[in-house]
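> turn this into a structure:
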Amino acid sequence: MSLKNPVRAFWQRHRALSIAFLAALILTLAFALKTVLAVYYWHNPAHRQLELKGWMTLGQVAMVHDIPVHELAGALGLDPENSRRLPLWQITRERGETLEELEDQIAEALDDHERAGDDE
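The predicted structure is shown next:
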């Protein structure tokens, strides 16, 4: 008895269930691949020294520079609860400043965070 016959019989009797299983399997593999690639990307030291771009979110900036996002948001005068997903371009537009000015403020917040870590 080959494996082909039971699979074919299952496919013929339970087509909707087979399609649902294959769809779930494909989604699981896609999310697993996405997770592996994200872990590889963020643990690669070359990606940790990126220059800031307007499309980056405050959460991404905090992750890259290893600072808690609520601390970075507080240092920038933003609401720590609702600012994690704000892109930098939106923050600069709401404040009426340039990306370079925001970069300077972020650099200052990072320096303050490093100094606070050295004091401990």
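> now do the strands in this structure.
Using DSSP state E, no strands are found in the chain.
> any stretches of it with poor pLDDT?
Low-confidence segments of the chain, defined by pLDDT under 70: 1-3, 46-50, 118-120.
> which helix runs longest in it?
Across the chain, the longest stretch assigned as helix under DSSP state H is helix 15-43.
> center of this protein, which residue is that?
Nearest residue to the geometric centre of the chain (Cα atoms, centre = their mean): residue 60, 6.1 Å.
> list the contacts for it?
Shown in contact with residue 60 (Cβ atoms under 8 Å, 6 or more residues apart in numbering): no residues. C-beta coordinates here come from the backbone N, C-alpha and C atoms, glycine included.
> ok, it to residue 85 distance?
9 Å (Cβ to Cβ, to the nearest Å).
> related to what we said a few turns ago, off-centre distance for the longest helix of the chain?
17 Å (Cα atoms, centre = their mean, to the nearest Å).
> what sits against residue 68?
residue 62.
> one more: residue 102?
52, 76, 88, 91-92, 95.
> next: residue 88.
With Cβ under 8 Å, 6+ apart, residue 88 has these contacts: 52-58, 61, 99, 102.
> kindly indicate which of the residues you listed lies nearest residue 113.
Distance to residue 113, by Cβ to Cβ, is smallest for residue 61 among the contacts of residue 88, at 12.1 Å.
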